[in-house]
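Trainee: got a sequence here, can you build the structure:
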Amino acid sequence: MRNLKSLLIAFAVGLWSAIAPLGTAFAVAGPEAYSGINGMTDITISPDGLHLSAVERYNGRQAIFVYGLGPNAGQSQILQIPSDFPDDLRVIGASWANNKRLLVYLKFADRRPYGVTTEYRRLGVNIDGSNVQVLPKVIRQEKRPQGAGSIYDMLPDDPDHVLLTYYKPKSTNGYTPFKMDINTGQLEPVAYGDWDAGNYMSDLKGQTRLRYVADHLKRKVQTRKDDDSQWETVWEFTLFEDPYFDVLSFTPDPNKIFVASDHETNGSAVYEFDLTTRKFGKRIWSHPIYDASRIMFNAARDKVIAVGYMADGDEFEIFDAEFAAKYQVLKQAFPGSVIRISGISDDDSKWVVLVSGPHHPTASYLYDTVNVKLSKIGSAYPDVPAATTSSMMPISYKARDGLEIPGYITLPNTGSAPYPLVVHPHGGPSSRDVMYFNSEVQFLAAQGYAVFQPNFRGSTGYGSEFQAAGYKQWGLAMQDDITDGVEFLISQGMVDRDRICIVGWSYGGYAALMGVVKTPDLYKCAVAGAGISDIPLLLQQEYHADVNGPTVGGWSERGQLRETSPARNIDDIKAPILLVHGTHDQTVAIEQSRLMAGKLRDAGKPYRLLVLENDDHNRSIPENEVLYLQELQGFLAQYLK
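Mentor: Okay, here's the model as predicted:
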């Protein structure tokens, strides 16, 4: 490994102002501003409510800062990461192990014998900069390759330990659940691991009691009474065939769990499930359209106070009057924005709240629930003035087969209808867009473009029937939903038929390519980021064959998959294409874009391939985000202005 020559993490502990935001001064809102490169993100609060941690820019790198709340004045100091970490390591976040110790999360691009990888590491460090440890602790020959494991319980009643699953090289029993000492990194197994077992879960007392066992698409939910008991199967199901069975949490009764399931409803409802009788019990929440996303307990964790779901943003159905009153303050303070509670102190006196909306660039606030006071901590996009943001509206239209399709349209502040249009299909496709501050959408609107975000069939959050309507419809009905939405906007006089481009990432990148294949006269250009150009090639990867085969198609649909693969239909393309891909994308390999580029080159079609060095599927490197937005800006100006 290369030696680390630059400073990576800064700890600044001091008196934190409850009035002035901890951000930088506004700058001209260009690609750099919308990239968030100078933003403050991943803000968390210590259990005692006396410190905040945040990811910010420092000396040209992302770093962890710690801020004291109240009279916690102290000197700033710099911490160096151990020298056997690579120079291109990036800080991506932190969580509080206890009041004095942070777990810092890191990632970097690397390579293993089978190809490129993104590697993760975890450090434990005290807030005074002492006792820096790689967690978990490994013996020398196990340093590479090495993962960080996955924490499944922070054990709030045990400040020196967490529970995590971890694979120790040379182990013969797969990913194993351990109790890890956060000060030393020492591991103590709490159950015997199995190669096909994962997603371990503990009860509210910190006992490891549940796991999933996978066999391709078949799943078993297994539980045990205590550490000395054998695992027993309490439920079995097959993905994409049987009703949904997602364990959310144990209940205060250790013999029951909360489960999200659609066995009685269209959307996933929340039920109690009895582990002894192995039967569903009381339904505690359901919605005719939307799926449950989370449950919230009170501080004592003996009562469910709310169930969360995603409508146009995060919403709660609240069962507790005290929580309802506190949450209503936030709803009144930030109308029209998505509100997410990202941290609560143990005594419930301080909340960290993430607020994001079309006219509210994503920012975090400290909510003093005792004195009913909100204070801005910092913004993820400090250089984007809220006054320059554009309005976003929900819309709904009928697809050609009569299915109602929801979506959003963002209109620019300049110009007048009909506007030039950027169609912006989301990735996934098991995902959806909501009314938060989407920096890329707002960047495009700032250039004078209307932006259309369709939640085509197959999108999540609208119930199982809507999602299942997209199965095996890549390039078919899912693509038609996008086209029908564009035609709807044209018919409403909102957009100019002669100035339309389609821009997407991941599945959205596939939809962009397929758009210029299937409807070549509709689009003047396309931008495909991390896009799939050849579906059969994608399904050659075992992971995609298992997970995506039932929803995309398999061997029996090979003819359809060839017809809906853009790289196999080059002759239909008329529009110029910008291809963008990270070299270390493990979700959609860069070979997909290189294949498309080669086919376009051989056919004499106009294209450009932008390679994001060392980047992953999510454009995680801030400098690459700036580069992408710059390229996007120039490309659209060339073909839509």
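Trainee: can you check the distance spanned by stretch 484-499, start to finish?
Mentor: Across stretch 484-499, the terminal residues are separated by 16 Å (C-alpha to C-alpha, to the nearest Å).
Trainee: tell me the SS of the closest residue to Lys350 other than its chain neighbours?
Mentor: Residue nearest to Lys350 in three dimensions, not counting chain neighbours: Gly49, with 4.2 Å by C-beta to C-beta, 6 or more residues apart in numbering. (Each C-beta comes from the backbone N, C-alpha and C, glycine too.) Gly49 falls in the coil class when you classify it by DSSP: H, G, I helix; E, B strand; the rest coil.
Trainee: does Gly49 really touch Val352, like I thought?
Mentor: No - here Gly49 lies out of contact with Val352, judged by C-beta atoms under 8 Å, at a distance of 9.7 Å.
Trainee: let me know the pLDDT of the residue nearest to Lys350.
Mentor: Gly49 carries a pLDDT value of 93.
Trainee: same thing with Tyr167?
Mentor: On the pLDDT scale, Tyr167 is placed at 83.
Trainee: wait, what's in contact with it?
Mentor: By C-beta atoms under 8 Å, 6 or more residues apart in numbering, Tyr167 lies in contact with Gly147, Gly149, Gly174, Tyr175, Thr176.
Trainee: from these, which one has the minimum pLDDT?
Mentor: Lowest pLDDT among those: Gly147, 71.
Trainee: residues near that one, how many?
Mentor: As a burial measure, Gly147 scores 17 neighbours (other C-beta atoms under 10 Å).
Trainee: before we move on, what about Asn98?
Mentor: Asn98 has 21 nearby residues by other C-beta under 10 Å.
Trainee: give the other helices and strands that the longest helix along the chain contacts.
Mentor: Taking DSSP state H as the criterion, the chain has its longest helix at helix 622-640. Where contact means 3 or more C-beta pairs under 8 Å, 6 or more residues apart in numbering; DSSP states H and E, helix 622-640 is packed against helix 31-35, strand 419-423, helix 439-446, strand 495-505, strand 525-529, strand 577-582, strand 607-612.
Trainee: please point out which parts of it sit buried.
Mentor: Applying a neighbour-count criterion of 16 or more other C-beta atoms under 10 Å, one finds 622, 624-629, 631-633, 635-636, 639-640 buried in helix 622-640.
Trainee: format those as TSV; extra columns: pLDDT.
Mentor: Formatted as TSV, the buried residues of helix 622-640 follow (pLDDT from 0 to 100):
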residue	pLDDT
Pro622	91
Asn624	96
Glu625	97
Val626	97
Leu627	98
Tyr628	98
Leu629	98
Glu631	98
Leu632	98
Gln633	97
Phe635	98
Leu636	98
Tyr639	96
Leu640	93
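Trainee: hang on, isn't Asp368 packed against Asp348?
Mentor: No - using C-beta under 8 Å, Asp368 makes no contact with Asp348, being 11.0 Å away.
Trainee: what's the residue nearest to Lys350 sitting at in phi/psi?
Mentor: Taking degrees, to the nearest 10, you get phi 80, psi 20 for the backbone angles of Gly49.
Trainee: got a list of what Lys137 touches?
Mentor: Thr184, Gly185, Gln186, Leu187.
Trainee: 6 Å - rerun?
Mentor: Gly185, Gln186 (C-beta atoms under 6 Å, 6 or more residues apart in numbering).
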